[in-house]
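*Asks:* Here you go, sequence then predicted model.
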Amino acid sequence: MRELIPAVGLVLAGAVVVWQQPATTAEPEPPAPAQAETPVVAAPAPAATQARSRPASVPTRVRIPSLGVDAAVDPVSPHGTELDPPADPARVGWWAQGSRSGARHGATLLTGHTVRSGGGAFDHLEDLAPGDRVTVDGLRGASSYVVETVETMPRAELAERSGELFGQQGPHRLVMVTCEDWDGAAWRSSVVVVARPAR
């Protein structure tokens, strides 16, 4: 029986998107080497071996070729009832209590700003299509994903489906979220992209 955690507001570009924060079961990160690691910015390994050969890694960069996105990723944690992307709209936030990229289980959640005048990392997230590629670089390598679904949903629906989308059980997946449908005063919806490890 899944334990429900109190709802947390996911704040994206000034809009609060309520979701049910799932329990975390992130895999432990291997001990760090004596020297600081240099982020790897490289093409992903062949899909057949990539998911098995690289350990789970803290995300440092997300690249979405079809959208021209190449954005740095910063760890973010809830502050009270809000999870904010980085203040710089060109950067993306990774929910640090969730799964790392390349993990075996659970969701790696990335949140980014949509800026109506442009300049937000996830301004055009809704333009992704199934089959598009996403690469998440980490300190221990790159993980390649293939977009499976792209949905625009009201905030209430996002809250109802939070366990399904952001839960840390089940097969590994990458989930990217941003705001959508500005009505002149607030964002009414969210764009939610789910991508699976490339095979």
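*Replies:* Arrived safely, thanks for sending. Since this is a predicted model, take the numbers as computed values, not measurements.
*Asks:* show me the contacts for residue 119.
*Replies:* Neighbouring residues of residue 119 by C-beta atoms under 8 Å, 6 or more residues apart in numbering: 89-90. All C-beta atoms are positioned from the backbone trio N, CA, C, and that covers glycine.
*Asks:* Can you tell me the SS state at it?
*Replies:* Secondary structure, DSSP: H, G, I helix; E, B strand; the rest coil: residue 119 is coil.
*Asks:* show me where this structure has strands.
*Replies:* For the chain, the strands defined by DSSP state E occupy 7-12, 15-20, 59-64, 69-76, 82-83, 92-95, 107-112, 133-138, 141-154, 173-182, 187-197.
*Asks:* Any chance of a markdown table for those strands, columns mean neighbour count and distance to residue 164?
*Replies:* As requested, the strands of the chain are arranged in a markdown table below (neighbours: other C-beta atoms under 10 Å; distance: least, C-beta to C-beta, whole Å):
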| stretch | mean neighbour count | distance to residue 164 |
| --- | --- | --- |
| strand 7-12 | 21 | 15 |
| strand 15-20 | 20 | 10 |
| strand 59-64 | 23 | 22 |
| strand 69-76 | 18 | 22 |
| strand 82-83 | 18 | 18 |
| strand 92-95 | 26 | 16 |
| strand 107-112 | 27 | 9 |
| strand 133-138 | 23 | 20 |
| strand 141-154 | 19 | 11 |
| strand 173-182 | 23 | 10 |
| strand 187-197 | 21 | 10 |
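*Asks:* Redo the ones you listed as a markdown table? Include mean pLDDT.
*Replies:* A markdown table is the format used below for the strands of the chain (pLDDT from 0 to 100):
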| stretch | mean pLDDT |
| --- | --- |
| strand 7-12 | 36 |
| strand 15-20 | 40 |
| strand 59-64 | 98 |
| strand 69-76 | 96 |
| strand 82-83 | 72 |
| strand 92-95 | 95 |
| strand 107-112 | 95 |
| strand 133-138 | 97 |
| strand 141-154 | 95 |
| strand 173-182 | 88 |
| strand 187-197 | 91 |
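*Asks:* out of the ones you listed, nearest to residue 162?
*Replies:* strand 15-20 (3.8 Å; C-beta to C-beta).
*Asks:* Could you measure from the residue nearest to residue 55 when sequence neighbours are not counted over to residue 130?
*Replies:* Among residues not flanking residue 55 along the chain, residue 140 sits closest, at 5.4 Å (C-beta to C-beta, 6 or more residues apart in numbering). Computed as C-beta to C-beta, to the nearest Å, the residue 140 to residue 130 distance reads 28 Å.
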